[in-house]
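Q: give me a model of this one.
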Amino acid sequence: MSYTAAVITISDKGSVGLREDTSGPLAVEMLKNAGFDVVYTSIIPDERGQIAAELIKCADERNIALVLTSGGTGFSPRDVTPEATLDVIERRVPGIPEAMRAESAKITNRAMLTRSEAGIRGLTLIVNLPGSPKAVRENLAAVIDSLSHGLEMLRETQKDHE
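A: Prediction:
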């Protein structure tokens, strides 16, 4: 089954055109290659309220099955993507970021420095990815095959209530 997906890039410089977004398009390509239907993309600044609002829009208004964010997971004071994600999710899914960090740690000891979160809001799975294209490739590759199964379990609930 094909699921809808969104990719939200969180970047102060990218949101005002001072930096080309390369991680978002890479995530889109990987999702499409895995059979997802990418129906929404955006680039927004590192603003907690704006990130939360974008996640809510994708989940509640657009009913998108999978929302990936890229960026804002580091140690900089402006890196607030995990906090914005925690503000809007109803249930955490810690295994996803744990798996991403474990796989990434095989490549770099800096993997432990990402603060990525994952969780469920309604019938939407939200996953934070780091901001660099290299990290997006490594982290998304570690979990992409399992995401469809998770969405199948999550979205089965919707069919049961229709």
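
Q: switch to C-alpha atoms for all contacts and neighbour counts from now on
A: OK.

Q: for the spatially most central residue of the chain, give me its contacts.
A: Centre of the chain computed as the mean C-alpha position; nearest residue by Cα atoms, centre = their mean is residue 68, 2.1 Å away. If a contact means Cα atoms under 8 Å, 6 or more residues apart in numbering, then residue 68 has 5, 6, 7, 8, 126, 127, 128, 129 as its contacts.

Q: ok, so of the residues you listed, who is nearest residue 74?
A: Nearest to residue 74 among the contacts of residue 68, counting by Cα to Cα, is residue 129 at 10.3 Å.

Q: the residue lying closest to residue 21 once chain neighbours are set aside: what's it in contact with?
A: Taking Cα to Cα, 6 or more residues apart in numbering, and ignoring the residues beside it in sequence, residue 21 has residue 14 as its nearest neighbour in space, at 6.1 Å. Contact criterion Cα under 8 Å, 6+ apart gives 20, 21, 43, 44, 45 as the residues in contact with residue 14.

Q: so the last one makes contact with residue 11?
A: Yes - contact status for residue 45 versus residue 11: in contact at 4.9 Å, counting by Cα atoms under 8 Å.

Q: related to what we said a few turns ago, any chance of TSV for the contacts of residue 14, columns pLDDT?
A: What follows is the contacts of residue 14, written out as TSV (pLDDT from 0 to 100):
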residue	pLDDT
20	95
21	96
43	98
44	98
45	98
